[in-house]
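Enquirer: Fold the stuff below for me.
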Amino acid sequence: MGDFFLGMGIIGMLLGLLILIVYVWSIVWSYKDAEQRNRPGWLVAIVVAFLAWPLGLFVWLLVRPNHTKAYHRHNHL
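Expert: Residues are numbered from 1 along each chain as shown. The predicted structure is shown next:
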């Protein structure tokens, strides 16, 4: 029975590590995505990090602008 609980502990630790990696990745991705869309990346990253993750990530995906910097090129004469 002890081996069962040891195995469950290892699985729990691996699952926790996976969730931590996805959490950090989503913060970094949202920062970069916001910067590409001419929005304050630090503010979006804070919202994603602290607004009951993953709810913050879903909120950003819903409210983010459709275009990135590549589409906002201005010709200066």
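
Enquirer: List the residues that contact residue 47.
Expert: When contacts are counted by Cβ atoms under 8 Å, 6 or more residues apart in numbering, residue 47 touches 56, 59-60. For the C-beta atoms, the positions are set from N, CA and C on the backbone; glycine is no exception.

Enquirer: Identify each buried residue in the helix or strand it falls within, please.
Expert: Taking DSSP states H and E as the definition, residue 47 sits inside helix 41-50. By neighbour count with 16 or more other Cβ atoms under 10 Å, helix 41-50 contains the buried residues 41, 44-45, 47-49.

Enquirer: which ones among the contacts of residue 47 are found in helices?
Expert: Using DSSP state H, 56, 59-60 are the members of the contacts of residue 47 that sit in helices.

Enquirer: Dump these to JSON lines, plus distance to residue 22 and pLDDT.
Expert: Shown next, in JSON lines, are these (distance: Cβ to Cβ, whole Å; pLDDT from 0 to 100):
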{"residue": "56", "distance to residue 22": "13", "pLDDT": "79"}
{"residue": "59", "distance to residue 22": "17", "pLDDT": "82"}
{"residue": "60", "distance to residue 22": "15", "pLDDT": "81"}
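
Enquirer: Can I get those in JSON lines including distance to residue 37 and neighbour count?
Expert: Output for the ones in helices among the contacts of residue 47, formatted as JSON lines (distance: Cβ to Cβ, whole Å; neighbours: other Cβ atoms under 10 Å):
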{"residue": "56", "distance to residue 37": "16", "neighbour count": "20"}
{"residue": "59", "distance to residue 37": "15", "neighbour count": "16"}
{"residue": "60", "distance to residue 37": "10", "neighbour count": "20"}
